[in-house]
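In: predicted model and sequence follow; I will ask about them next.
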Amino acid sequence: MPINASIRVNVTQVGATIDRRIYGHFIEHLGRCINNGIWAEMLQNRKFEDADLNRDGIPDPWLPHNADSQIVYRTEHESSGCGYQSLLLHSLRADGRERGIAQGGLAVQGGEAYRIGIWMRGEDIGRLTVSLGDVATKVGPPGPRWGKYELILMPNTTTEDASLTITVSDRGKLWIESVSCMSDEIHDGLRPDVVELAKAIKPAVLRWPGGCFADGYHWEDGTKERDKRPWRWDPAWKNLEANEFGTDEFVHFCRLIGAEPYICANLGTGTPEEAGEWVDYCNGTQKSEQVIIRSQMGYPEPYNVKYWSVGNETYGTWEIGHLEPQAYGQRFLEFREKMVEKDPSIQLIAVGADPLVYPDWNRAVLEVVGDKMNYLSVHRYTPLGRSDTDDQEKLYRCIVAAPMTVEYMLRQVRTTIDAIVFDNKIGVAFDEWNVWTTTGPAEGIEETYLMRDALYAAGIFHALHRQAASVTMANVAQMVNVLPLIVTNKTQAYGTPLYYAFLLYANHAAPITVGSDVTCDTFVAESVGKEPELPMVPYLDVSSTMTPDYRWVHVAVINRHPSEDCLAKISLRGCFPKGNGQAVLLSAPSVFDTNSFEEPERIKLTEFPLEKISEDFEHVFPAGSVTMLKIAI
Ligand code: AHR
């Protein structure tokens, strides 16, 4: 049975202006978010630094190629400066047989050029053969000193499983250190398909490098010449980090997609001085050591990174550098001193906590730091404590209702801030949020987002619109893979239903909030994980906004009913509707539907004209959908 509802929109009830930074994002060195996601390097373990050796003594996933007893392999601490170790290929016979190493599983497009770089040096070794897929060329011979050799190969055949091989047929020694393979069309290391998808959702701000990763990250590891950056153990996610994507690459990515960069400084294993140097590297204008390095890297102009947080989730015992709130407050002030010394114009974000889980943290930090912070951050993943049910209907109800508890939580954070620091000087940065149902190790976190989750994201936007005066930044975690808006494989990228919620709101919601309320049936969302039961969740949630020229009112309506359309009577008050408009709809055959590589746009936005709009009109909102009615007034 279709559900009924009445919606009242009052454009004379003008509320706060929405800060565009609530449509913000987050990327982290975690799983396939950056490496094997945003970053276009095709090879794994390209510097042989991952010490897991296979049977022949070659670091995984490299393999011996055409090997027999006449070639031996050994990792050696003999380096070009590109890393900790190189791989020695010691060839014992010159009999015309090509022996060497290979890495398979590379996706190549026939007729496309690939740029291959190899750092190497040789001892009595002749030319080598480098092949990619079905094409090969001769290189060298390498001299006794380390040098980088670059070549372009254009395979004829398209395949997902090409190999890159490096072989010798001579007798002698060859040391190889840093090998790279990327499409020759990519000169900045960023995947163009990811950049295009990211641009379309108009990300206002992008947080990096973590997350938990940030509290073990030393930013200088990710600067200077890329081939020579060290690989480091990432103590947060227990992984080797290649440092290919560092500060320069991050800021460049931000510029390409139109986002303001937001950096999270390392409070865990870092120092205030180190954070100060990072600010100087990014924003310095004087000829300091850091500014000279930045200029030498080709970036003489300051990056002007405005947003900086000091640590991440320091309240959590899992976090590197975990502290009690008073100690965190003191440490924040020490970091602040060194950071603002380098650039007094930066905005600082302090670690805040979810009051439902850590009821005393925010007050204690605020009492120490006061208005020396510009934002207090807070994170929330739904369901709180992850899912503990296999009942998908129950999980659905919990997830689509959860924005109500998020809104309540954001209000609590505001109340605590206002009790200690007056004049609304501190904004709330809701700088990690998303649905996260599964648990698992870092490389195993790959949520599949459904239409259900698009309804959740829309609900979060409505909560943020209602809290527009208080919450002035929000960052969904994460933009690419892991907890994804954008999913990639080796050759394709597509947007999840969550992505389309961002596409809808970042492009079609107007900036000025106006009054609206709804009367409709409700449902019960049972407790899942640590989410409390919600006894009266309205099926519809409405947020209305107006354009700055007062000519359009945009009424966003979520129908959370999984199977029933809703016929709503809508009354517009305080304006004279012109009669026409446009609707943008996000819907799916089922709330459990999703997009995939096979059907990347099964769920997407559709647009259609609105006619006969008067002060009172009716509209049908499909089951499990989000609609933006853009009405001329
Ligand atoms: O987004 C994944 C992780 O979740 C982040 O690293 C951390 O801040 C949060 O706990």
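Out: Structure received. Numbering: from 1, shown residues only.
In: count of neighbours near whichever residue of the chain sits closest to the ligand?
Out: Taking C-beta to the nearest ligand atom, the ligand has its nearest neighbour within the chain at residue 211, 2.7 Å off. To be clear about C-beta, it is placed using only N, CA and C from the backbone, and glycine gets the same treatment. By other C-beta atoms under 10 Å, 27 other residues sit near residue 211.
In: that one: what's it in contact with?
Out: 26, 28-30, 236, 264, 312, 432, 477 (C-beta atoms under 8 Å, 6 or more residues apart in numbering).
In: what about 7 Å?
Out: Counting by C-beta atoms under 7 Å, 6 or more residues apart in numbering, residue 211 touches 28, 30, 312.
In: which ones among those lie within strands?
Out: Residues from the contacts of residue 211 lying in strands, with DSSP state E as the criterion: none.
In: what's the end-to-end length of stretch 152-162?
Out: This stretch, stretch 152-162, spans 15 Å end to end (C-alpha to C-alpha, to the nearest Å).
In: let me see the mean pLDDT of it.
Out: Averaging pLDDT along stretch 152-162 yields 98.
In: can you pull the buried residues of it?
Out: In terms of neighbour count (16 or more other C-beta atoms under 10 Å), stretch 152-162 has its buried residues at 153, 155, 162.
In: likewise stretch 304-324?
Out: Applying 16+ other C-beta under 10 Å to stretch 304-324 flags 305-315, 319-323 as buried.
In: show me which of those neighbour the ligand.
Out: For the ligand, the contacts drawn from the buried residues of stretch 304-324 by C-beta under 6 Å from any ligand atom are 312-313.
In: farthest-apart pair in the buried residues of stretch 304-324, please.
Out: 306 and 322 (27.6 Å; C-beta to C-beta).
In: break the chain down into its structural domains.
Out: Listed by automatic domain parsing, the domain ranges of the chain are 3-12+515-632, 18-40+187-506, 63-183.
In: now do the same end-to-end measure for the longest one.
Out: When you say that, I think you mean domain 18-40+187-506. 11 Å.
In: quick one: secondary structure of residue 465?
Out: Here residue 465 is recorded as helix under DSSP: H, G, I helix; E, B strand; the rest coil.
In: ok, it touching residue 513?
Out: Yes: with contacts counted by C-beta atoms under 7 Å, residue 465 reaches residue 513, the gap being 5.3 Å.
In: what touches both of the two?
Out: 18, 545.
In: quick one: which helix or strand includes residue 498?
Out: helix 497-508 (DSSP states H and E).
In: could I get the CA-only coordinates of stretch 486-499 as PDB?
Out: C-alpha atoms of stretch 486-499 as PDB (Å, rounded to 0.1, in the frame of the first residue of the first chain):
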ATOM      1  CA  ILE A 486      34.800   5.100  -6.500                       C
ATOM      2  CA  VAL A 487      35.800   1.500  -7.200                       C
ATOM      3  CA  THR A 488      38.700   0.600  -9.400                       C
ATOM      4  CA  ASN A 489      40.200  -2.500 -11.000                       C
ATOM      5  CA  LYS A 490      43.300  -2.500 -13.200                       C
ATOM      6  CA  THR A 491      41.500  -0.800 -16.100                       C
ATOM      7  CA  GLN A 492      38.100   0.500 -15.000                       C
ATOM      8  CA  ALA A 493      36.500   2.800 -12.400                       C
ATOM      9  CA  TYR A 494      32.900   3.300 -11.500                       C
ATOM     10  CA  GLY A 495      30.800   5.100  -8.900                       C
ATOM     11  CA  THR A 496      29.000   3.300  -6.200                       C
ATOM     12  CA  PRO A 497      25.400   4.300  -5.200                       C
ATOM     13  CA  LEU A 498      27.100   6.400  -2.500                       C
ATOM     14  CA  TYR A 499      28.900   8.300  -5.200                       C
END
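In: got the buried residues for that stretch?
Out: Here stretch 486-499 shows 486-488, 493-499 as buried, counting by 16+ other C-beta under 10 Å.
In: got the residues of the stretch 251-400 of the chain near the ligand?
Out: Checking the stretch 251-400 of the chain against the ligand by C-beta under 6 Å from any ligand atom, the hits are 312-313.
In: all strands of the stretch 251-400 of the chain, in order?
Out: 260-265, 307-310, 347-350, 375-382 (DSSP state E, counting those that start in this stretch).
In: pretty sure residue 69 sits in a strand.
Out: No: counting by three-state DSSP, residue 69 is not found in a strand; it is coil.
In: for residue 358, see how far away it is.
Out: 62 Å (C-beta to C-beta, to the nearest Å).
In: who has more neighbours out of those two?
Out: In terms of neighbours (other C-beta under 10 Å), residue 358 is the more surrounded of residue 69 and residue 358; the figures are 15 against 7.
In: pretty sure that one sits against residue 314.
Out: No: in this structure, residue 358 is not within contact of residue 314 by C-beta under 7 Å, at 10.6 Å.
In: before we move on, the earlier item: okay if I get the domains of the chain as JSON lines plus distance to residue 57?
Out: Shown next, in JSON lines, are the domains of the chain (distance: least, C-beta to C-beta, whole Å):
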{"stretch": "domain 3-12+515-632", "distance to residue 57": "37"}
{"stretch": "domain 18-40+187-506", "distance to residue 57": "19"}
{"stretch": "domain 63-183", "distance to residue 57": "5"}
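In: comparing the ones you listed, which comes out most buried?
Out: Using mean count of other C-beta atoms under 10 Å, the stretch among the domains of the chain with the largest mean neighbour count is domain 18-40+187-506, at a mean of 20.
In: need the max-distance pair from the buried residues of stretch 486-499.
Out: The most distant members of the buried residues of stretch 486-499, if one measures by C-beta to C-beta, are 488 and 497, lying 16.4 Å apart.
In: closest one to residue 580 among the strands of the stretch 251-400 of the chain?
Out: Once the strands of the stretch 251-400 of the chain are compared by C-beta to C-beta, strand 260-265 is nearest, at 35.5 Å.
In: what does that closest one rub up against?
Out: 204-210, 214, 250-251, 254, 275, 278, 303, 305-310, 312, 335.
In: which strands border that strand, and is each parallel or antiparallel?
Out: Using DSSP bridges, the strands paired with strand 260-265 are strand 205-208 (parallel), strand 307-310 (parallel).
In: nearest to residue 581, of the ones you listed?
Out: Proximity to residue 581 (C-beta to C-beta) singles out strand 205-208 among these, at 30.2 Å.
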